[in-house]
Structures are given as structure tokens and as C-alpha cells.
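> model this:
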Amino acid sequence: MEMPNYRKLAYERPSIDAFRECAMKTRLRLMTSKDIEIIESALADFQKQLSRFYTAEALCRIRHDQNTANPFYLNELSYFEESEPAVSELSAAVYSMLLSSEINESLREKFGEMLFRKALTRKETVSGEVIEYLTQESELGNKYSQELSEASIHFDGKKYNLSMMEPFLESSDREERRLAHEAVSIYYSQNLELFNGIFDDLVKTRTSIAQKLNYPNFVSLGYKRMERYDYTPEMVAEFRDNVVRYIVPLTVEIRRLQSERLGVNDLKYYDMPVMFSGGNPKPIIEKTAYHLSASKMFKSIFEKDPSFFDVLQTYGFTDLVSRKGKSTGGYCSTLLDYGVPFIFMNASGTSDDVATLIHESGHAYAAIRSADCSPFIECLSPTLETCEIHSTAMEYLSYPYMELFFGDKASVYRDLHLTMALLFIPYGCMVDEFQHIVYGNPSLSLNDRHNVWKDLEKKYQPYLDYDGNVFYESGAAWIKKGHIFTDPFYYIDYCLAQVVALQIWDISRSQPQKAFTIYDQLCLEGGNKMFLELLEKVGLESPFSVGAIKRSAYRAAEFLAL
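The predicted structure is shown next:
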């Protein structure tokens, strides 16, 4: 296929009626045939319709996020809120035919075991009686995201969106960053009732879905949705305990040393983002020129000219810089019909811009690398904890090229990046445990949920000092984390991936080619194997192993001279 130009891609709303008709025809062919070739042909036709739907949905969301004020794509998002649950139900009905087929064993041998695992997951997580609730869940998640995208922060006589506030939150001037953090907290305080209400409705809706599908609570359903085939909530709880045991003490020492570097006796919440007395290292190039340094870096890493990033940039499949009217955050979304990923982010001139650019590029590379690993779009990408290894490990593999972005401050950036990785792991575990508690106890009051968060902060971030800020001291900081609203139980995947990516980083220090080969093989495998199977195949240790956590902590501490 010739490389398309993103700006020329035509958006067309997919017909749910046409999809329903295709699904019914596919089911009939699967029910009445024992011929593998006929079944394969029927599934191929269905895959085309499914790909068309998800391509249109991805294109709609990207274009909405590029300009949230555009009423057309905002309206189209509402269409997908209503139709996506129906598509999921119809897909589940199609794939359930594979499970009950008289030639089930032959089909498993032909198509692979993973497709059947995913078929069973769809059957167990979607049904006609929860379609209405799934629509409500999608609407609530989009409402939260839309509110954040429209946020207006009053600071220093001007108005900024949340992404544009980032440089002020990291200011080397302590008073400026205190006022910036206060301004952001004022925004959240003013909207606390709204966000609390959205989340309360989400908890009720998700709990109702779980009950109607005969799960004890949404925790069980959430794990099914996340396709966690080879690990359990108990294993995740043990992982979190090991993080408290081996990583949290390092973070306490990091904060002590940070306090010394900043020359402050009491490290406050608004000091947390700034690790060095002169401020965090900033890119030496303008954010509008990030793509030029990225181009040089990826050409060197992959020894290809042009690199995959160059191609995406040339054909318009990147949107990197923050601006008014643009949605917050960063992500990589693949347009399945074209086999091309799109990189979306909000560069604002901070060091985090570089990490985000490389992170999302890692997702993009993996999407391209695994494009032919399966005829089924469900198996092109692995489960999300593996996807996050693709992105996080890329951040570490890029270490030798940071001079392109930071000049003589590159070593300082590497120290900052690894430090922030260690600090993140306990935070990610805190987000995860919060969700386990809330969905395990859905009747908790709003005040109870805030108290749960306060208790977890003491466990995972014992150094926090909110300096009397009412919003943070109330235990409301969790409302800032979008994954809690839109992607339940996703966040621990970042922590699991971080422990694995640290192994790849450690190998790269002495054997860079071996590290890249492991990384490339992991991307190439796509979604044909389960998480722990993939790690075993490429020779990496499970993050659930206490040894892996201890070694990762030790190597990082050694590098940072903690």
C-alpha cells in the first residue's frame, strides 16, 4: 500500500447497520461450515469491517483531540460512544462461534491459541444486557477528558490550559512554581464536585456491568477486560508490596538528596518536580524542532534513513506541540486500515517532552514492526503491559543520543529520567491499589475515597508535604489522574513495564546490540503470546519475581549513586 497523507484522509462515519449485517452473515457461515478455508474467508471479510470501524473511530478521536472546539468531531464522538458497545457485542457473538465450532481444535491449530483466548474474553465481558451501561461508561470517560481539555488556568494575569502550565510547575524560581501549583489546584478545587460526580457515576456504572455479567465486583471484570491471562490480583498485590519494600526507601533517599540540592529544609509538594537547584534540564532546541533531533536519533538507533519516524513526520502522522484548543496528554493510535500509527502529544518546552516523544515513538515502532504478525487485528498488539515495555524501553535505548536534545546537560537528563522512573513506580502502584479498594468497596462515600487516597500517600509517598493546601490535603489529588476515570486498572501496566524495561537498560549499558535485539524481537512478536510467555521467549525476567525488582532497584541506585 502506498503511504497515505494524514491530512488527505477522508473521514466517513461507519454504518452500524452494515456492520451488524456483516456480523450476522459471518456468524451464519461459521455456524454452518466445517471447511477451514470458508471459515477463514468469512473471518477475513469480518475483519475488514471491524478494521474500518476502528479506523474511523481512531481518526475521529485524533481530529477531535487536535481541535476540541470542532463541533463536528465532538458530535461524531457521541456516535462512537453509542455504537462501540454494539460493535463489541456483535464481535463477541461472532468469535463465540469459534469456541463452539465442531472443528474447534483444527481452528486453534490454524489461527493460534491467542485468538481463542480473546474470543472467550469478549464472550465473558460483553452482552446485550450491558450495552446501555457500556455506553454510559464511555460517555462519562469522554466527559472527564473533555472537561480537562477545556480547562482554563488563571496564572500571572494570563490564561493557560493544563499542558501549557507545565513549564511553570517546573520553574527554578520556587515562588513562581508555588503559585503555579496553587493555580492548578484552584482549578481542580473549583471543579472537584464535578469530577467527584463523574467518578461516582463511573463506579456505579462499572459495578452494575460487573453484577449483570455475574462477577463479584468490577475488580474481577476489570482484570478480564485487561486480558490478564497469566497473572492475578494477588500477584499484583505482592508486586506492590515488594515495591513498598525495595523501591519506596530509595524514593525517600531521593527526596532527601533533592532537598539538599535545592537548599530547602522542608521539601514541599510544589518542589517535587524540580530535582536540581538550577532547575531541571531543558531541551536546547525549540519544541517546534523536536522532530529534527528525533529524526537524527532514530536514524542512528535503527541504522535506517529515512527512519520510521521520518516517514510518519513527512506524511503528517505526528502532532507534537501544545496549543490552545488541543486535548491534553499524549498517545499513539494506529489507523488499522492504513497500518500507520499516529503520534499525539503536547510539547511545552520541558524535559518531559523528550521522554514523551520517545515513549510514543516506541509504541509507533512496535505497531509498524508487528503489522504482519497476525491476520487478526485483535492479535497485532500484545496486552498493555507489554505495549508499555515497547515505549518505556525505547526511552532507555535512546540514552546515548540525548546530547541531540540537551547538549552538555545530557548526563543530567539521564539522571533525571532514571530518578523519575524510580519515583513513578510507587505512585503507579498507589493508583492501582486505590482502584482495587474503590471497586472492591463500591459503596464507599466520596469522603471515604479521599481518605483512602490519603492513607495510600502515606504508604507510597511518605515524604509528601502539602504545606496547608486544602485541595491536596483533603485527599483529592487522585482526580488529576485520567487513567482512573478512563482506563481502569491500566496504570499498574506502566509499573510492570518499567521493571522489565530497566532490565533492557541494564543490558544496554554493556551490550547495546543485545539489548536492541531483545527489544526488536519483543516488538516483532506482536500479540500472539501472553505477557509472561513473551518475556520468557526473549530472555527477560518476570517483574513479579522479587529478584527482578531488587536487581532493578540496585542497578538504578548504583547508577544514581544513592
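> Now do the helices for the stretch 1-150 of the chain: every range, in order, please.
Listed from the start of the chain, the stretch 1-150 of the chain has helices (DSSP state H, counting those that start in this stretch) covering 16-32, 36-66, 71-100, 104-111, 113-125, 131-149.
> what's the closest of the ones you listed to Gly526?
Smallest distance to Gly526 across the helices of the stretch 1-150 of the chain (C-beta to C-beta): 9.4 Å, for helix 113-125. The C-beta positions use only the backbone N, C-alpha and C, and glycine is treated the same way.
> so what pLDDT did Pro462 get?
Looking at Pro462, its pLDDT reads 97.
> ok, now how distant is it from Leu397?
33 Å (C-beta to C-beta, to the nearest Å).
> circling back to that earlier point, relative to Phe309, which of the helices of the stretch 1-150 of the chain is closest?
When these are compared (using C-beta to C-beta), the closest one is helix 36-66, at 17.4 Å.
> Now do the closest one: distance to the chain's middle.
The chain centre lies 22 Å from the centre of helix 36-66; the measure is C-alpha atoms, centre = their mean, to the nearest Å.
> what helices or strands is that helix leaning on?
The contact analysis (3 or more C-beta pairs under 8 Å, 6 or more residues apart in numbering; DSSP states H and E) places helix 36-66 against helix 16-32, helix 71-100, helix 104-111, strand 331-335, strand 340-347.
> could the ones you listed be laid out in TSV, adding distance to Pro273, mean neighbour count and mean pLDDT?
Output for these, formatted as TSV (distance: least, C-beta to C-beta, whole Å; neighbours: other C-beta atoms under 10 Å; pLDDT from 0 to 100):
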stretch	distance to Pro273	mean neighbour count	mean pLDDT
helix 16-32	45	16	95
helix 71-100	32	18	94
helix 104-111	48	14	93
strand 331-335	22	22	97
strand 340-347	16	23	97
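> Any chance of the helices of the stretch 1-150 of the chain in JSON lines with distance to Lys529 as columns?
Listed next are those as JSON lines, based on distance: least, C-beta to C-beta, whole Å:
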{"stretch": "helix 16-32", "distance to Lys529": "25"}
{"stretch": "helix 36-66", "distance to Lys529": "20"}
{"stretch": "helix 71-100", "distance to Lys529": "19"}
{"stretch": "helix 104-111", "distance to Lys529": "14"}
{"stretch": "helix 113-125", "distance to Lys529": "7"}
{"stretch": "helix 131-149", "distance to Lys529": "28"}
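> All the helices of the stretch 401-550 of the chain, in order from the start?
403-406, 410-440, 446-460, 470-473, 482-486, 492-510, 512-525, 531-538, 546-560.
> Next: the stretch 201-350 of the chain.
Assigned by DSSP H, counting those that start in this stretch, the helices in the stretch 201-350 of the chain fall at 218-225, 233-246, 248-262, 290-302, 308-314.
> who's in contact with the fourth one?
Spelled out, it's helix 290-302. The contact list for helix 290-302 (C-beta atoms under 8 Å, 6 or more residues apart in numbering) reads 283, 285, 305-310, 313, 318, 320, 347, 353-354, 357-358, 361, 397-398, 401, 404-405, 516.
> can you check stretch 55-66 too?
9, 11-14, 70, 73-74, 76-77, 80, 84, 149, 319, 326-327, 333-338, 342, 344.
> again, but for stretch 203-213
124-125, 127, 129-130, 133-134, 136-137, 140, 216-218, 220-222, 438-439, 442, 488.
> In the stretch 251-400 of the chain, where is pLDDT below threshold?
Across the stretch 251-400 of the chain, nothing is flagged by pLDDT under 70.
> if we can go back for a sec, just say which of the helices of the stretch 201-350 of the chain is most tucked in.
Most buried of the helices of the stretch 201-350 of the chain by mean neighbour count (mean count of other C-beta atoms under 10 Å) is helix 218-225; its value is a mean of 21.
> And that helix, how far out from the chain middle?
So, by C-alpha atoms, centre = their mean, the centroid of helix 218-225 is 17 Å from its chain's centroid.
> average pLDDT for it?
Mean pLDDT, helix 218-225: 97.
> and that helix, what does it pack onto?
Checking 3+ C-beta pairs under 8 Å, 6+ apart, helix 218-225 ends up next to helix 113-125, helix 192-212, helix 410-440.
> what's the offset of the longest one from the middle of its chain?
What it means is helix 410-440. Taking C-alpha atoms, centre = their mean, the mean C-alpha location of helix 410-440 is offset from the chain mean by 13 Å.
> coming back round to it: Glu234: which of the helices of the stretch 1-150 of the chain is closest?
Taking those one by one with C-beta to C-beta, helix 113-125 is closest: 19.7 Å.
> Send me that closest one as PDB with only the CA atoms.
Provided in PDB are the C-alpha atoms of helix 113-125 (Å, rounded to 0.1, in the frame of the first residue of the first chain):
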ATOM      1  CA  GLU A 113      -4.400 -20.000  20.700                       C
ATOM      2  CA  MET A 114      -4.400 -16.300  21.400                       C
ATOM      3  CA  LEU A 115      -7.400 -15.600  19.200                       C
ATOM      4  CA  PHE A 116      -9.500 -18.100  21.200                       C
ATOM      5  CA  ARG A 117      -8.400 -16.600  24.500                       C
ATOM      6  CA  LYS A 118      -9.600 -13.200  23.200                       C
ATOM      7  CA  ALA A 119     -12.800 -14.700  21.900                       C
ATOM      8  CA  LEU A 120     -13.500 -16.100  25.400                       C
ATOM      9  CA  THR A 121     -12.700 -12.800  26.900                       C
ATOM     10  CA  ARG A 122     -15.200 -11.000  24.700                       C
ATOM     11  CA  LYS A 123     -17.800 -13.600  25.500                       C
ATOM     12  CA  GLU A 124     -17.300 -13.100  29.200                       C
ATOM     13  CA  THR A 125     -17.100  -9.300  29.200                       C
END
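> Only the buried residues of that helix, if you could.
Buried residues in helix 113-125, counted by 16 or more other C-beta atoms under 10 Å: 114-116, 118-125.
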